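A.B. asks: give me the fold of what follows.
(one chain, ligands or ions: 1)
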Amino acid sequence: MVDKLFSSDDCYDLTNKEVRELYKKYVNPSLEQLFGAFAAGREDVDHSEGVWIYTKNNEKILDVTGGIGVLSHGHNHPRILETRINFQKKKKMEVHKTIFSPYLAALSHNIAQLLPKDLDYSFFCNSGAEAVEGSMKLAYKYHDGKRKVILHSDISFHGKLLGSASITASKEVYFRYPEIPNTDSFEYDNIDSVKQKINEHRNESGESNVYALIIEPFQTLTLRQCHTNFLQELQKICNENGIILIFDEIYVGWYKTGTMFNFMGHNVLPDILTTSKSLGGGKASISAYVARAPILKKAYGNTRDALLHTSTYNGLGEECITAIEAINIMQEENYEKKSFHIEKIVKERCHQLLEKYSNEVKECRGSGALHGIFFNTDNLVISKILKLVPLSITKDPKFVPKLAAAAISDWMYKNYKILVIFSNTDEVALFFKPSLIIEEKEIHYFFDSLEKTLQEGLWQIVLKFASKQFSNFVNFGSL
Ligand SMILES: Cc1ncc(COP(=O)(O)O)c(C=O)c1O
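C.D. replies: Presented below is the predicted three-dimensional model:
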């Protein structure tokens, strides 16, 4: 017997419980378990606007996640909604292949106007990993397949498809799938390490065998910034060796660290730039690589090769028109200023946090609207107890810091109605990566709430959270 199919209207009325049952049966039962452990995962959301999520219980939640990079404009920005509704009302043509798209053309034009020098040619796709892989292919084709090696950094996240995962060194991608051949890594922000790797990949006559080098000038997961002199040296060495320099700014692009793109604050120029996330204004799933004119022309600038790299959903109309509006909003509403202003307040509050809570808070790191707060968890008494829990996750050496960040995030959701996420990698931090439209009073609300949370005692909060998650294994009442 087949269940009745849901209508689109039915979706609006599904309760959190029903949705979780559907996840268990039809998406992945472990996802239900993972996110269902948090108060946020048990929420019935009604709608969202700006930095706020509204629940079906008429509560509002402050969202400081920035939608993992997607929501610089906040949820459902009115101009983005209007643009999409207009496009639909006018029944504009969405899909194109052999008819030229005015939207794709205009978006490419606009991006070229905003980027420096001859970063002129855009290719649009739908995810960051696709943009990265497109850029890798472009670099490889530029060298006509004659060079074989791609270099990446030892701290990097470029995506989870086979090619992009092959050049990703983040622990988040811990299971190794088949990899593209001839990848090698250098130490992040270390020019000697880059030089050494380039020298290791030369043929007998001394010519480089490296077709591309990819790096995130600002590494989002670890919140590390490459030094200006490293980036400038890097460009010089890549130019000297004919290596295509790819900057992956999928996450940080469009003002998240202050300047429009992070590299623009360092007087350097990549050969290819990747971008996505807030380019879609929180509504369109759009990503792109943007190439310098000579690179694109040499690789694909002839009628035989022009279709070598394509994709079904390349630059659909509504995605492009949304991106055009998203960019114009960021220009007209001075998102650069907003980003630097957020940085100023966050740095002040972090400074106070470090002074007041030096036992609990180890470090604050970040710039613009991307920040991490790192906690001292080494001396938590609970560490010893949790070692007794017979689950494989507790064997993770970072289990306690992860648990602490998870506990704080859950506490802040339950007590202060703030949605905040934490990193799940080597260095565990609570992330403050809000939409760029966040207001000063909302930033202060976050930090006031974090301070109140820490006043409760880190140990108490972790204990409460752990006892809920692991009471089947350890008697927390005896603590
Ligand atoms: C720097 C960077 N590159 C690539 C990606 C992959 O993007 P996607 O998840 O859309 O494939 C991400 C995703 O967060 C990213 O931060």
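A.B. asks: immediately after the helix or strand bottoming out on mean pLDDT in the chain, which helix or strand?
C.D. replies: The weakest-scoring helix or strand in the chain, judged by mean pLDDT, DSSP states H and E, is helix 382-386 (a mean of 70). Following helix 382-386 in sequence order, the next helix or strand is helix 399-416 (DSSP states H and E).
A.B. asks: what comes into contact with that next one?
C.D. replies: 38-40, 61-62, 375, 377, 380, 382-383, 386, 393, 396, 418-424, 428-430, 445, 449-450, 452-453, 456, 458, 461-462, 464-466 (C-beta atoms under 8 Å, 6 or more residues apart in numbering). Every C-beta, even on glycine, is put in place using the N, C-alpha and C of the backbone.
A.B. asks: okay, now the unreliable bits of the stretch 1-150 of the chain?
C.D. replies: For the stretch 1-150 of the chain, no stretch is flagged by pLDDT under 70.
A.B. asks: now with 90, please.
C.D. replies: For the stretch 1-150 of the chain, applying pLDDT under 90 flags the ranges 1-2, 96-97.
A.B. asks: just checking, Phe247 touches Phe218?
C.D. replies: No. Using C-beta atoms under 8 Å, Phe247 is not in contact with Phe218; the gap is 9.7 Å.
A.B. asks: overlap in contacts, those two.
C.D. replies: Residues touching both Phe247 and Phe218 (C-beta under 8 Å, 6+ apart): Asn262.
A.B. asks: the more surrounded of these two?
C.D. replies: Phe247 (30 against 27; other C-beta atoms under 10 Å).
A.B. asks: not counting sequence-adjacent ones, nearest residue to Gln235?
C.D. replies: The spatially closest residue to Gln235, leaving aside those adjacent along the chain, is Val268, at 4.8 Å (C-beta to C-beta, 6 or more residues apart in numbering).
A.B. asks: and for the one you found, the neighbour number?
C.D. replies: Val268 has 21 neighbours, counted by other C-beta under 10 Å.
A.B. asks: would you mind measuring from it to the ligand?
C.D. replies: Separation of Val268 from the ligand (C-beta to the nearest ligand atom, to the nearest Å): 17 Å.
A.B. asks: so that residue is in which element?
C.D. replies: Element membership for Val268 (DSSP H and E) is empty, with no helix or strand holding it.
A.B. asks: which residues touch it?
C.D. replies: Residues near Val268 by C-beta under 8 Å, 6+ apart: Thr228, Leu231, Gln232, Leu234, Gln235.
A.B. asks: report pLDDT for the closest residue to Thr168 other than its chain neighbours.
C.D. replies: Nearest non-adjacent residue to Thr168, counting by C-beta to C-beta, 6+ apart: His158, 4.9 Å away. Turning to His158, the model gives it a pLDDT of 97.
A.B. asks: which stretch of helix or strand covers His158?
C.D. replies: His158 is part of no helix or strand, with elements assigned from DSSP H and E.
A.B. asks: which ones are touching it?
C.D. replies: Counting by C-beta under 8 Å, 6+ apart, His158 touches Gly128, Ala129, Val132, His152, Ser164, Ala165, Ile167, Thr168, Ile214, Glu216, Asp248, Ile250.
A.B. asks: out of the residues you listed, who's the most crowded?
C.D. replies: Within the contacts of His158, Asp248 tops the neighbour count with 33 neighbours, counted by other C-beta under 10 Å.
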